[in-house]
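*Asks:* Could you work out the structure for the sequence below:
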Amino acid sequence: MEQLFNDIQNHIAGHFPELSLVDEDYGQLEAIETAEDTYPVTFPCALISIPETEWENLGGGSQRGRASVTVRLAIDCYDDTHYGSGTSEKAAERKAFATSIHRQLQGFKSGTCSPLIRRKSSDYSRPHGIKVYETLYQCTVNDIV
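*Replies:* Predicted structure coming up:
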């Protein structure tokens, strides 16, 4: 699982140098609201987590699992995007950026894992003008003894 995380992190960072941070997601966006002395988050950033893997036994101590991988693209939204503002295209640019990250991850294969397959995507707003584009992928991982 460590290799899967590292490979995804390297893949995103290597294809998107415009990201200021590509990191494990350990609640950085939520911490912005509650604490003053937290690890600084810079934007735009991609936060990666592998929150759950369901395992089945293959015998002899080996297992196969279905891993969930979540990637959150967070962007600070300081542009005025209302109709007639002259910068309304910024909202579409943010969505296009999220789509380009997805295109790099869909089908991405790491080590003994099957390709990543998108299962769910959503976007939502966080306090302090942060827009989050979240995508859930699944892949099959093998833990062969």
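*Asks:* mind checking which helix or strand of the protein has the lowest mean pLDDT?
*Replies:* helix 28-34 (a mean of 80; mean pLDDT, DSSP states H and E).
*Asks:* list the helices and strands it packs on?
*Replies:* strand 45-59, strand 117-126, strand 130-143 (3 or more CB pairs under 8 Å, 6 or more residues apart in numbering; DSSP states H and E). To be clear about C-beta, it is placed using only N, CA and C from the backbone, and glycine gets the same treatment.
*Asks:* orientation of the next helix or strand after the first one relative to strand 45-59 in degrees?
*Replies:* Spelled out, it's strand 45-59. Where DSSP states H and E defines the elements, the next helix or strand beyond strand 45-59 is strand 62-76. Using axes from the mean of the first three to the mean of the last three CA atoms, to 10 degrees, the direction of strand 62-76 lies 170 degrees away from that of strand 45-59.
*Asks:* Work out the sheet partners of strand 62-76 and label each with its direction, please.
*Replies:* According to DSSP bridges, strand 62-76 forms sheet pairs with strand 45-59 (antiparallel), strand 130-143 (antiparallel).
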